[in-house]
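> Turn this into a structure:
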Amino acid sequence: MSLPPQPRITIPLEVYYFDTDAGGVVHNIAYLRFVEIARTQLAAALGWSLEEMGRTGLVPVVARTEIDYLKPIRLCDRILATAELTAMEKVRFFLRFEIVSATQPDLIFARCLQTMVTVQLPGGRPQRLPSAWTAAYPQLITS
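Have a look, this model is predicted:
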């Protein structure tokens, strides 16, 4: 599988009633679900699908999440989530996310940074990143 020239995707997401409170504003935990969906789809686009994770036992684990809630998302808002691989180390990699309005791209709802660790299951021992990533994106290797 050849990897895309840029390790980045943008996907549409839906806001469901269960994502919101009584006032129709999206709960903070739903933003993390949006990030999770975007991260999973980015991994698949980079050749690391859920099926591949299940077959090999090599999985990404969230080590750190930082999120800035900039504007409230409301029920019926159409949104886009962008996920991007920004840096890689031996066993860690770093992702950046942005959740924006699908109808007003300048309207940014949230920004998020995540630090991920690659581990082998069972046992959870740290492992090197997929070699296809380091070969395709050497400019992102930081150590």
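> Give me the pLDDT value at residue 22.
Model confidence at residue 22, given as pLDDT, is 89.
> cool, and the one 5 residues further on?
The score at residue 27 is 93. That number is its pLDDT.
> Could I get the phi/psi values of the most centrally placed residue in the chain?
For the chain, the residue nearest the mean C-alpha position is residue 39 (2.4 Å; Cα atoms, centre = their mean). Taking degrees, to the nearest 10, you get phi -60, psi -40 for the backbone angles of residue 39.
> which stretches of the protein aren't confidently modelled?
1 (pLDDT under 70).
> 90 instead?
Residue ranges of the chain with pLDDT under 90: 1-5, 19, 21-22, 24, 76, 105, 123-124, 130-131, 143.
> That one: helices as residue ranges?
Here the chain has its helices, by DSSP state H, at 28-45, 50-56, 131-136.
> Report all helices and strands that the first one contacts.
The reference is to helix 28-45. strand 8-13, helix 50-56, strand 58-69, strand 79-88, strand 92-101, strand 108-120 (3 or more Cβ pairs under 8 Å, 6 or more residues apart in numbering; DSSP states H and E). Glycine gets a C-beta too; all of them are placed from N, C-alpha and C.
> what does the second one give?
Under the contact definition 3+ Cβ pairs under 8 Å, 6+ apart, helix 50-56 sits against helix 28-45, strand 58-69.
> Highest average neighbour count across the ones you listed: which stretch is it?
Per residue and on average, the most neighbours among those fall to helix 28-45, with a mean of 18 (mean count of other Cβ atoms under 10 Å).
> Relative to residue 95, which of the helices and strands packed on helix 50-56 is closest?
helix 28-45 (6.3 Å; Cβ to Cβ).
> follow-up on the earlier one: let's have the helices and strands packed on helix 50-56 in TSV, adding distance to residue 99.
Supplementary listing: the helices and strands packed on helix 50-56 in TSV, determined by distance: least, Cβ to Cβ, whole Å:
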stretch	distance to residue 99
helix 28-45	6
strand 58-69	9
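> which stretch among these comes nearest residue 107?
The nearest among these, by Cβ to Cβ, is strand 58-69 at 13.3 Å.
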